[in-house]
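**Q** need a 3D model of the following:
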Amino acid sequence: MSETLRNSVKTMVKETFEGPPVPIKGSWFTNSEPNSGIFGVLEGMSCDQASMSVHGTTLAAHADHIRYHMWGTNEILKKGKQPQMDWGKSWDIHSVDEQQWNRIQERLRNEYLTFLESIDTIEWNELLANEVLSSLAHSAYHLGAIRQMLKVVKV
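**A** Numbers count the residues shown, from 1 in each chain. As a prediction, this is how the structure comes out:
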């Protein structure tokens, strides 16, 4: 993969999780204020807010589902094959206490950092490029879903 394309992919992944760069020079697809990526949005949520059911799911479940998907992607990037995954189980979280909520966020951040490192180190091929881009799209989708849930949770 060309260095230009690799850097562009990393820019989009970073915006999804970290929000636009600071100082803000605009954004590609998130809101342009600081902390508008997944981490910034989740950081401001209490464990009670993260546990509030919105149409049958919670912010905690979304956050852990993103982590689970990213873990699967990281396994594919490391080993070249899909690990055994139970997608239904990735939505099992209905309520969290403060410690559990902090652990979910920490584990998500760790998978994200592993993902960023992998983008720089993998031997690119079509399968891995598709995997990286689908993980970006999946995470961006859930950022949008989380932001919509905030309209209910932060009332």
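**Q** mind listing the helices for this protein?
**A** 3-18, 38-43, 47-51, 59-79, 98-121, 126-153 (DSSP state H).
**Q** so which of these gets nearest S27?
**A** helix 3-18 (6.1 Å; C-beta to C-beta). C-beta here means a position set from N, CA and C on the backbone, and glycine is covered the same way.
**Q** quick one on the thing from earlier: winner for burial among the helices of the chain?
**A** helix 59-79 (a mean of 21; mean count of other C-beta atoms under 10 Å).
**Q** follow-up on the earlier one: so which of the helices of the chain comes closest to W87?
**A** helix 59-79 (8.1 Å).
**Q** what would the helices of the chain look like in JSON lines with distance to G88 and mean pLDDT?
**A** Shown next, in JSON lines, are these (distance: least, C-beta to C-beta, whole Å; pLDDT from 0 to 100):
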{"stretch": "helix 3-18", "distance to G88": "24", "mean pLDDT": "90"}
{"stretch": "helix 38-43", "distance to G88": "22", "mean pLDDT": "93"}
{"stretch": "helix 47-51", "distance to G88": "19", "mean pLDDT": "95"}
{"stretch": "helix 59-79", "distance to G88": "11", "mean pLDDT": "95"}
{"stretch": "helix 98-121", "distance to G88": "18", "mean pLDDT": "96"}
{"stretch": "helix 126-153", "distance to G88": "16", "mean pLDDT": "93"}
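**Q** how about the ones you listed in TSV, adding distance to W91?
**A** Shown next, in TSV, are the helices of the chain (distance: least, C-beta to C-beta, whole Å):
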stretch	distance to W91
helix 3-18	20
helix 38-43	17
helix 47-51	14
helix 59-79	5
helix 98-121	13
helix 126-153	12
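**Q** what's the closest of the ones you listed to D86?
**A** Comparing the helices of the chain by C-beta to C-beta, helix 59-79 comes nearest, at 9.0 Å.
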